[in-house]
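> dropping the sequence and predicted coords here.
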Amino acid sequence: MTLEPVGADQAAILAKLHAASFDQPWTAADIAGLLDGPGGYGLAARDEAGAAVGFILARAIAGEAEILTLAVAPSHRRQGVARALVEAAAGVAASLAAESLFLEVAADNAAAIGLYRAAGFAEVGRRRGYYAKAADAAIDALVMRLDLNRTPA
Ligand SMILES: CC(C)(COP(=O)(O)OP(=O)(O)OC[C@H]1O[C@@H](n2cnc3c(N)ncnc32)[C@H](O)[C@@H]1OP(=O)(O)O)[C@@H](O)C(=O)NCCC(=O)NCCS
């Protein structure tokens, strides 16, 4: 597996990966707009054949960075792909002078919460009913933060 920066020209491939991971997929135009927007950047993980098997989109502005989305192809999960993407995105954020990396994750997304805790993120807030799952149900969002100034363990 290799990681490399990804630009808006790859947005259609990223949208396919996103659609395989989320109930409410983002379009290629959504993804291209974020990559081309202020502070936006992306990283893709590729297999030996060069196919994208996961990606992360993030944004770093004015000393703060945010993970916008993260998806790994179902066939490539539990192999450390997301962990590598999060660590690389944190490194880019730090290089862009961000001091914190934030994200929002659905409170029922145990896989992602486990991943972020393992990567050093701490819960710093909760938005009640942030994700609408169905007409009569909503799920809280956890707000998590990684301190990019931390001394490595
Ligand atoms: C969440 C997601 C990105 C994890 O990707 P992944 O490449 O499988 O994750 P990794 O292999 O790097 O896992 C790293 C750690 O995260 C935790 N983790 C990952 N998947 C997990 C699961 N299903 N259950 C519990 N913990 C999990 C574990 O601590 C894992 O370390 P371990 O394998 O040594 O136990 C992937 O499941 C996915 O794309 N899900 C759908 C989209 C999504 O929820 N994105 C995040 C939105 S905020």
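Cool, got the structure.

> what's next to the top helix by length along the chain, contact-wise?
Longest among the helix segments of the chain by residue count, using DSSP state H, is helix 81-95. The contact list for helix 81-95 (Cβ atoms under 8 Å, 6 or more residues apart in numbering) reads 1, 3, 41, 43, 45, 53-56, 58, 60, 65, 67, 70, 72, 101, 115-116, 118-119, 146, 148. C-betas here are computed from N, CA, C, even on glycine.

> restricted to helices, list those.
Mapping these onto helices (DSSP H) picks out 115-116, 118.

> which of those residues ranks first by neighbour count?
Tyr116 (25 neighbours; other Cβ atoms under 10 Å).

> so who does that residue touch?
86, 103, 105, 144, 146 are the contacts of Tyr116 under Cβ under 8 Å, 6+ apart.

> closest to the ligand out of those residues?
The ligand has its nearest neighbour among these in Val105, at 4.1 Å by Cβ to the nearest ligand atom.

> neighbours of the closest one, how many?
Neighbours of Val105 under the rule other Cβ under 10 Å: 23.

> could you measure from it over to Gln10?
Look at Val105 and Gln10: by Cβ to Cβ, to the nearest Å, they are 24 Å apart.

> what of Phe121?
Distance check for Phe121 against Gln10: by Cβ to Cβ, it reads 26 Å.

> the more surrounded of these two?
Phe121 (23 against 19).

> now the closest residue to that one other than its chain neighbours. Its backbone dihedrals?
Leaving aside its chain neighbours, Phe121 sits nearest to Met144 (4.1 Å; criterion: Cβ to Cβ, 6 or more residues apart in numbering). Dihedral pair for Met144: phi -120, psi 150, per degrees, to the nearest 10.
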